[in-house]
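Q: give me coordinates for this.
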Amino acid sequence: MEDEASDVDRRGPADCCPSVLAAPLGEPDAVLLARGFAALADPVRLRLLSLVATAGEVCSCDLEAPLARSQPTISHHTRTLAEAGLIVGERRGRWSYWRPVPERIAALRAALAE
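A: Numbering: from 1, shown residues only. Got it, this is the predicted structure:
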């Protein structure tokens, strides 16, 4: 019995706990995910992304009524989502048309599921 107790005393931290240096999420991935989550930390942007993702493509002009926001405010929020890589836009005449980036949205979902 005494030998078993002394074996336990001789074990180091590596014998009982996983190394914090072996984190599954590297810094580049963490930065990219944080940018996406930060963009979604605003309720208007979260709703905006939901509208774009559901429709597949939405004109900026069609976002004013459901979000009850002015066009400059819509532009601010779409720019933030685009900079985070969650949506992409295409200019057609006076308006921008926005589409979701499914792989970026999937990456955020996967990070939450882990």
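Q: could you use CA atoms for every contact and neighbour count after this?
A: Will do.
Q: so the residue positioned nearest the centre of the chain, which state does it fall into?
A: The centroid of the chain falls nearest to Gly36 when counting by Cα atoms, centre = their mean (3.2 Å). Here Gly36 is recorded as helix under DSSP: H, G, I helix; E, B strand; the rest coil.
Q: show me what contacts the nearest residue to it once chain neighbours are set aside?
A: In space, and not counting its chain neighbours, Gly36 is closest to Ala84: 5.2 Å by Cα to Cα, 6 or more residues apart in numbering. Contact partners of Ala84, counting by Cα atoms under 8 Å, 6 or more residues apart in numbering, are 32, 35-36, 39.
Q: same check, this time on His77
A: By Cα under 8 Å, 6+ apart, His77 lies in contact with 44-45.
Q: mind listing the strands for the chain?
A: Using DSSP state E, the strands assigned to the chain run over residues 58-59, 87-92, 95-100.
Q: let's have the ones you listed in JSON lines, adding mean pLDDT.
A: What follows is these, written out as JSON lines (pLDDT from 0 to 100):
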{"stretch": "strand 58-59", "mean pLDDT": "97"}
{"stretch": "strand 87-92", "mean pLDDT": "97"}
{"stretch": "strand 95-100", "mean pLDDT": "97"}
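Q: of all those, which lies closest to Ala113?
A: strand 95-100 (20.3 Å; Cα to Cα).
Q: could you export that closest one as CSV, CA atoms only?
A: The C-alpha atoms that make up strand 95-100 are tabulated as CSV, following Å, rounded to 0.1, in the frame of the first residue of the first chain:
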residue,chain,number,x,y,z
TRP,A,95,-27.8,49.0,-54.4
SER,A,96,-25.7,46.3,-52.9
TYR,A,97,-26.9,42.7,-52.9
TRP,A,98,-25.7,40.5,-50.0
ARG,A,99,-25.1,36.7,-49.8
PRO,A,100,-24.1,34.6,-46.9
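Q: and that strand, what does it pack onto?
A: With contacts defined as 3 or more Cα pairs under 8 Å, 6 or more residues apart in numbering; DSSP states H and E, strand 95-100 has these neighbours: helix 43-55, strand 58-59, strand 87-92.
Q: quick one: closest of these to Ala111.
A: Among those, the nearest to Ala111 by Cα to Cα is helix 43-55 (17.0 Å).
Q: right, I'll leave it there.
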